[in-house]
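# fold the following for me, if possible:
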Amino acid sequence: MTNPQTLGNRVRTFRERLGLSVEELSQNSNVDTAVLESIEADEVYPSIGTLVRLARALGQRVGTFTDDHFVPDPLIVKSYVMQNETAPNQGVGTPGYRYCLLGKGKTDRHMEPYYIVIEPSEKRPISAHEGEEFIIVVSGKLELEYGKQKYALNAGDSVYYNSVVPHAVNSADDKPATIYAVIYTPI
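Alright, predicted model coming up:
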């Protein structure tokens with residue numbers, strides 16, 4: 001029996017409510033059909049960029065797919081939760097990222113805050129989506145590829161950018177980097 005609270009089931013539910021086939025949602029979101037089927041089957045957890053494209057194509061905010069319960073204000077996430085509850089991105093879009101959703105449960109939010117551990121690896125694919133992103137480097141060294149430029153960021157540095165410009169965030173050396181990222185995408 002499928003769990004109605006899983007991310008994949010929520011994507012499928014909203015797709016079906018709109019009367020869209022998997023192929024139509026794939027075309028509308030620019031997410032490969034096989035990837036979409038894997039997400040709906042809960043075989044993979046999508047990257048933030050993939051989730052943003054799906055949410056946009058379904059007319060929903062990203063949190064619609066990640067929230068499993070309501071939390072009244074103020075929403076507090078303790079540091080030990082961030083360290084222990086990061087969910088790995090499982091092979092779709094951006095390998096080597098582990099996420100902790102910091103806004104999970106705040107159903108009226110307009111931003112998507114994350115704590116992210118970026119493992120060192122090969123360069124990640126370029127992403128682009130509507131909205132804005134704000135990042136603070138907590139530890140390690142980060143390389144931001146933004147358009148045709150590359151920027152080096154160290155612990156304590158921050159960057160705020162328009163995410164329609166093609167971009168990628170990578171660990172700049174052979175050690176993990178940790179960041180706080182806040183993503184805003186208009187519905």
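
# now the residue positioned nearest the centre of the chain: how far from G156?
Computing the C-alpha centroid of the chain and ranking residues by CA atoms, centre = their mean puts I48 first, at 1.9 Å. The spacing between I48 and G156, counted by CB to CB, to the nearest Å, is 23 Å. C-beta here means a position set from N, CA and C on the backbone, and glycine is covered the same way.

# can you check A55 too?
According to CB to CB, A55 stands 31 Å off from G156.

# who has more neighbours out of the two?
Neighbours were counted for A55 and for G156 using other CB atoms under 10 Å; A55 has more, 23 against 9.

# which residues touch the more buried one?
With contact set as CB atoms under 8 Å, 6 or more residues apart in numbering, A55 has these partners: 61-62, 64-65, 185.

# for Y184, same thing?
Counting by CB under 8 Å, 6+ apart, Y184 makes contact with 110-112, 131-133.

# out of those residues, which is most surrounded?
Using other CB under 10 Å as the neighbour test, the contacts of Y184 are led by E112, with 24 neighbours.

# so what's the residue nearest to the centre of the chain up against?
Contacts were defined as CB under 8 Å, 6+ apart; by that measure I48 touches 62, 94, 97, 99, 112, 114, 181, 183.

# and the contacts of Y184, which is closest to E143?
Looking at those and their distance to E143, the nearest is E133, at 15.0 Å (CB to CB).

# so what's N28 closest to, chain neighbours aside?
Closest residue in space to N28, ignoring its immediate chain neighbours: A57 at 4.1 Å, by CB to CB, 6 or more residues apart in numbering.

# I figured that neighbour was touching E24, is that so?
No. With contact defined as CB atoms under 8 Å, A57 does not count as touching E24 (9.2 Å).

# which of these two has more neighbours?
Counted by other CB under 10 Å, A57 and E24 do not tie: A57 has more neighbours, with 21 against 14.

# contacting residues around that one?
Contacts for A57 were tallied using CB under 8 Å, 6+ apart; they are 25, 28-29.

# next: E37.
Contact criterion CB under 8 Å, 6+ apart gives V22 as the residues in contact with E37.

# and D108, that one's in a strand?
No. According to DSSP: H, G, I helix; E, B strand; the rest coil, the state of D108 is coil, so it is not within a strand.

# residues near it, how many?
Counted with other CB under 10 Å, the burial measure for D108 works out to 8 neighbours.

# now the phi/psi pair for it, please.
According to degrees, to the nearest 10, the main-chain angles of D108 amount to phi -100, psi 20.

# need the per-residue pLDDT for it.
D108 carries a pLDDT score of 73 in this model.

# over to G49?
For G49, the model assigns a pLDDT of 80.

# setting aside sequence neighbours, what's the nearest residue to it?
S127 (3.8 Å).

# what residues are bridge-paired with that neighbour?
Partner residues in beta bridges with S127, using DSSP bridges, are H167.

# if we can go back for a sec, most surrounded residue in the contacts of A55?
In terms of neighbour count, V62 stands highest of the contacts of A55 at 24 neighbours, by other CB under 10 Å.
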